[in-house]
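K.L.:
return atomic coordinates for the entry below.
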Amino acid sequence: MAIKSKGKTKARPAPKGPRHGPVPVPKPFAQRRWVQLTALFIVGILAMMVFVWATNGLRRERANTKAASDLASRQQALSQWKAILEPQITTVGQLKGDIPPTVATDVTAALTALASKKTTTTKVAALDSSANELGKAADAINKFDLAGTITEKGFDVAAASALTASKVEIVEALRLYQQAAELAALAVGSDKHLGSRLAEHGQAISVSAATLLQSGWIKYASTLKLSLLSAGGSPSVGTGLSGGGG
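P.N.:
Numbers count the residues shown, from 1 in each chain. This is a model prediction of the structure:
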């Protein structure tokens, strides 16, 4: 029977601890997905703001350029009209800037005297001359192509309408004053009774003329102001049409 050896037994190795898996290294803050998405969103917002700011600035610049160009065009057109209208008014009256001018005061003064059966110092020839000058002024103003001059020159509908209406009213006012002057001339050469009747009729016409002249001139002067221009310059004396109708 074999005898087992009593030699040393092998020592058992110490049990190993649990194995640890690899520890993940956290991503840098800037590389995190949500951080990147947030940054992209902010950059997009900033880019959009810059784009809107630049676009609005460009629009403002274009609007300012167009406004300046329109103003220059309006001023040029108005200056052409002003160069016709005001010298013609000066031939028969006195300019007073924005205030309606006075015209043919000799006519209205004669009508006032004749309507009261008083003697007037104004001669028939002088009244005929005034009537002639008033007619020529009306014709010269009426011939000017105002509508064509202001077309596509930056005027809005209201300003264009005011200008064309002012021309019609001023021309009609001068023609009515011409009729009043002709009646005054007839009245001077008539007896006092007939002369008084003619003068009264002439006065009624001159009142209508004054109303039209005032309305037309206010429209004209107001439109000039909108384009940084002014009516009438320095007063110039002519024979003087009465804006108040005498």
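
K.L.:
quick one: residue 69 from residue 204, how far?
P.N.:
Distance of residue 69 to residue 204, given as Cβ to Cβ, to the nearest Å: 48 Å. For every residue, glycine as well, the C-beta is placed using N, CA and C.

K.L.:
of these two, who's got more company?
P.N.:
Neighbour count, other Cβ atoms under 10 Å: between residue 69 and residue 204, residue 204 has more, with 16 against 11.

K.L.:
that one in helix, strand or coil?
P.N.:
Under the three-state scheme (DSSP: H, G, I helix; E, B strand; the rest coil), residue 204 adopts helix.

K.L.:
contact partners for residue 166?
P.N.:
215-217, 219-220, 223 (Cβ atoms under 8 Å, 6 or more residues apart in numbering).

K.L.:
turn those residues into a markdown table, including pLDDT and distance to residue 185.
P.N.:
As requested, these are exported to a markdown table (pLDDT from 0 to 100; distance: Cβ to Cβ, whole Å):
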| residue | pLDDT | distance to residue 185 |
| --- | --- | --- |
| 215 | 98 | 27 |
| 216 | 98 | 25 |
| 217 | 97 | 26 |
| 219 | 97 | 31 |
| 220 | 97 | 29 |
| 223 | 95 | 35 |
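
K.L.:
scan the protein for its longest helix.
P.N.:
Determined from DSSP state H, the single longest helix within the chain is helix 33-92.

K.L.:
parallel or antiparallel, which strands does the helix or strand that comes right after that helix pair with?
P.N.:
Counting by DSSP states H and E, the next helix or strand C-terminal to helix 33-92 is strand 93-96. Within its sheet, strand 93-96 is paired with strand 99-103 (antiparallel), according to DSSP bridges.

K.L.:
then residue 173 would be within a helix, right?
P.N.:
Yes - Residue 173 forms part of a helix when assessed by three-state DSSP.
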